[in-house]
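Colleague: what shape does this take:
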Amino acid sequence: MSQLLTPTIPDYELIDSGDFEKLERFGRYITRRPEPQAIWHRTLSEQKWREMADASVLRTSSSKSDERGEWHLRPQMPDRWIVAYDYKQMHLKMRLALTSFKHVGIFPEQAANWDWFSDLIRKAGRPIKVLNLFAYTGGATIAAAAAGASVVHVDAAKGMVAQAKENAALCGLTDASIRYIVDDCKKFVEREIRRGHKYDGIIMDPPSYGRGPGGEVWKLEECAYELISLAAKVLSDDPLFFLVNSYTTGLAPATMGYMVATAVKTEGTFEAGENTFTCGTCGDTYTEEIAALGHKHEAVVTAPTCGSCGVVPGVLYHLWKSRAFSEQRILKALATAALFGNVVKTNASISGAEVGCQGEVGVACAMASAAANQLFGGSPAQIEYAAEMGLEHHLGMTCDPVCGLVQIPCIERNAYAAARALDANIYSSFTDGVHRVSFDKVVEVMKQTGHDLPSLYKETSEGGLAKDYRQMS
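Modeller: Sure, this is the predicted structure:
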């Protein structure tokens with residue numbers, strides 16, 4: 001099962017989630033909305049949520065899993081506002097609005113899909129026709145059109161289609177080849193089959209439950225396979241992609257993937273997985289089930305790497321909560337951490353496959369050490385000393401993940417590295433910053449040490465703990 005990480009979107013942030021709600025920032029404004037899948041406890045306090053939210057959906061039902069509610073707005077909260085998203089040559093703008101069904105007009109996690117099929121369209125080297133079903137406010141439509149495709153946009157809601165046209169205009173795509181259709185998606189596809197119309201790419205983002213223009217009721221779990229099979233019949237002889245999204249908890253990624261693989265009778269690479277994005281305060285992730293036909297899309301979480309991504313946020317979150325540092329100071333500390341991480345990335349490596357875990361957890365510890373020392377007012381020399389200690393005392397650490405998974409021993413290493421980073425900060429704070437071995441020298445030594453390490457200990461899972469691991473009874 002593959003996993004796509006939602007790219008960084010300056011105009012969007014998942015601030016917190018839990019207790020069947022989510023707290024998000026869209027541009028300048030923060031919303032609080034129901035989220036049935038957020039079954040865990042939130043990280044921030046109820047008071048903090050109330051202080052931050054510009055617009056909140058207050059439930060009209062006592063059931064926490066019930067999404068029904070009414071918007072309550074602060075005076076400065078507008079009815080409509082604009083957010084932007086850029087990727088390579090693509091520059092998108094979308095107008096958001098607070099709807100009666102708690103949506104705002106965009107699903108930011110879809111940006112990973114926009115990037116994916118936009119690249120495919122640009123590289124195709126031929127005219128591409130795309131059919132976007134359940135097209136909503138047109139995020140995928142304008143992304144495909146911006147990449148050069150001709151798009152047919154179909155949605156049963158007249159208001160959504162009108163908003164999609166407005167979004168296209170905001171992006172300067174008024175004259176782009178986009179055809180807007182207000183219709184039941186299933187009926188439209190059936191007519192396209194009879195007409196013999198074909199498409200090189202199909203995008204489907206059906207809701208879990210919906211009604212057509214004539215009040216037709218349908219449930220995705222009951223209709224998904226039929227709908228996918230019908231849509232597959234309008235694929236061209238040389239299709240580029242077939243993308244299906246689902247937010248229905250009863251349809252697992254493997255189920256969606258199997259439906260696509262059996263319904264789409266063409267050669268190609270089939271993938272099924274989840275689309276995730278990270279919560280700003282706690283590392284929680286939301287998941288979206290996705291099945292796609294096309295080329296592999298790779299996503300990397302860096303802080304500095306996926307296997308060491310808990311160290312820096314763990315230290316900064318602890319200091320933010322326990323010492324009440326302001327968000328601005330935390331951001332400056334994060335910038336300091338990034339500086340040291342990029343020095344190592346440029347002059348050596350942060351890849352476990354190249355230099356072992358010293359380049360992942362070791363570098364993360366150095367970054368967190370520098371960030372912590374900067375927060376406590378360290379001088380440049382003291383900050384550099386803290387980073388040096390954080391990396392020096394991880395020299396030679398092997399990368400030997402059990403079963404090739406970033407779990408054992410990686411999770412515990414993240415925790416211990418965070419503790420070491422706090423120790424390095426304290427040690428450096430009690431000095432004047434003068435020391436014998438520079439950070440640059442340790443980076444140089446780490447690179448050479450990684451070169452000298454046998455490949456058994458560099459992410460191959462052929463040595464160390466990965467080789468000798470036995471499940472405890």
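Colleague: measure how buried the closest residue in space to Ala146 that isn't next to it in sequence is and give me the count.
Modeller: Of all residues not flanking Ala146 in the chain, Met90 sits nearest, at 4.7 Å (Cβ to Cβ, 6 or more residues apart in numbering). In this view, the C-beta of every residue, glycine as well, is placed from N, C-alpha and C. The number of residues packed near Met90 is 19, by other Cβ atoms under 10 Å.
Colleague: who touches Met90 in this structure?
Modeller: Trp114, Ser118, Ala143, Ala146, Ala147 (Cβ atoms under 8 Å, 6 or more residues apart in numbering).
Colleague: among the residues you listed, the buried ones, what's the PyMOL command?
Modeller: Paste this into PyMOL to select the buried members of the contacts of Met90, with burial taken from 16 or more other Cβ atoms under 10 Å:
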select buried, resi 114+118+143+146+147
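Colleague: what's the pLDDT at the residue nearest to Ala146?
Modeller: Note on Met90: pLDDT of 89.
Colleague: so it bridges to which residues?
Modeller: Tyr87 (DSSP bridges).
Colleague: same question, the one 4 residues further on
Modeller: With DSSP bridges applied, Met94 shows beta-bridge pairing to Val83.
Colleague: my read: it touches Leu170, true?
Modeller: Yes: Met94 is in contact with Leu170 according to Cβ atoms under 8 Å; the separation is 7.0 Å.
Colleague: show me which of these two is the more surrounded one.
Modeller: With neighbours defined as other Cβ under 10 Å, Met94 and Leu170 compare such that Met94 has more, 25 against 16.
Colleague: which residues does the more buried one contact?
Modeller: For Met94, the contact set (Cβ under 8 Å, 6+ apart) comprises Ile82, Val83, Ala84, Tyr85, Gly105, Ile106, Thr137, Gly138, Gly139, Ile142, Asn167, Leu170.
Colleague: reformat the contacts of Met90 as CSV; add secondary structure.
Modeller: Formatted as CSV, the contacts of Met90 follow (DSSP: H, G, I helix; E, B strand; the rest coil):
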residue, secondary structure
Trp114, helix
Ser118, helix
Ala143, helix
Ala146, helix
Ala147, coil
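Colleague: nearest to Ala252 among the contacts of Met90?
Modeller: The shortest approach to Ala252 among these belongs to Trp114, at 23.7 Å (Cβ to Cβ).
Colleague: these two touch, right, that closest one and Ala145?
Modeller: No: assessed by Cβ under 8 Å, Trp114 is found out of contact with Ala145, at 11.1 Å.
Colleague: which helix or strand contains the closest residue to Val402 other than its chain neighbours?
Modeller: Closest residue to Val402 apart from its sequence neighbours, by Cβ to Cβ, 6+ apart: Ile408 at 4.2 Å. For Ile408, there is no helix or strand it lies in under DSSP states H and E.
Colleague: next, count neighbours for Ile408.
Modeller: Going by other Cβ under 10 Å, the residues that sit close to Ile408 add up to 15.
Colleague: I'd guessed it sits against Asp400; true?
Modeller: No: using Cβ under 8 Å as the test, Ile408 is too far from Asp400 to be in contact (9.4 Å).
Colleague: what sits closest to Val434 if chain neighbours are left out?
Modeller: Distances taken as Cβ to Cβ, 6+ apart place Ala381 nearest to Val434, at 6.8 Å, with adjacent residues excluded.
Colleague: name the helices or strands packed onto the helix or strand hosting the one you found?
Modeller: Under the criterion of DSSP H and E, Ala381 resides in helix 380-392. If contacts are counted by 3 or more Cβ pairs under 8 Å, 6 or more residues apart in numbering; DSSP states H and E, helix 380-392 sits against helix 327-347, helix 361-375, helix 410-429, helix 439-452.
Colleague: adding distance to Lys321, mean neighbour count and mean pLDDT, write those out as CSV.
Modeller: Listed next are these as CSV, based on distance: least, Cβ to Cβ, whole Å; neighbours: other Cβ atoms under 10 Å; pLDDT from 0 to 100:
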stretch, distance to Lys321, mean neighbour count, mean pLDDT
helix 327-347, 11, 17, 93
helix 361-375, 13, 31, 95
helix 410-429, 13, 20, 89
helix 439-452, 28, 18, 94
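Colleague: please enumerate the strands of the stretch 151-300 of the chain.
Modeller: 178-182, 201-204, 209-211, 217-219, 241-246, 270-278, 285-293 (DSSP state E, counting those that start in this stretch).
Colleague: partners of the second one in the sheet?
Modeller: Okay, so that is strand 201-204. When pairing is defined by DSSP bridges, strand 201-204 lines up against strand 129-133 (parallel), strand 241-246 (parallel).
Colleague: mean pLDDT for those: which is lowest?
Modeller: Ranked by mean pLDDT, the strands paired with strand 201-204 bottom out at strand 241-246, which scores a mean of 89.
Colleague: got the CA positions of it in CSV?
Modeller: Presented in CSV, the C-alpha positions along strand 241-246 are these (Å, rounded to 0.1, in the frame of the first residue of the first chain):
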residue,chain,number,x,y,z
PHE,A,241,-4.6,7.7,-15.5
PHE,A,242,-7.7,6.7,-13.6
LEU,A,243,-7.9,8.2,-10.1
VAL,A,244,-10.5,7.3,-7.5
ASN,A,245,-10.8,8.9,-4.1
SER,A,246,-12.9,7.8,-1.2
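Colleague: which neighbours do Trp114 and Ala145 share?
Modeller: Counting by Cβ under 8 Å, 6+ apart, Trp114 and Ala145 have no shared contacts at all.
Colleague: distance of Val442 from Leu339?
Modeller: For Val442, the distance to Leu339 equals 15 Å [Cβ to Cβ, to the nearest Å].
Colleague: what's Thr305 sitting at in phi/psi?
Modeller: phi -140, psi 170 (degrees, to the nearest 10).
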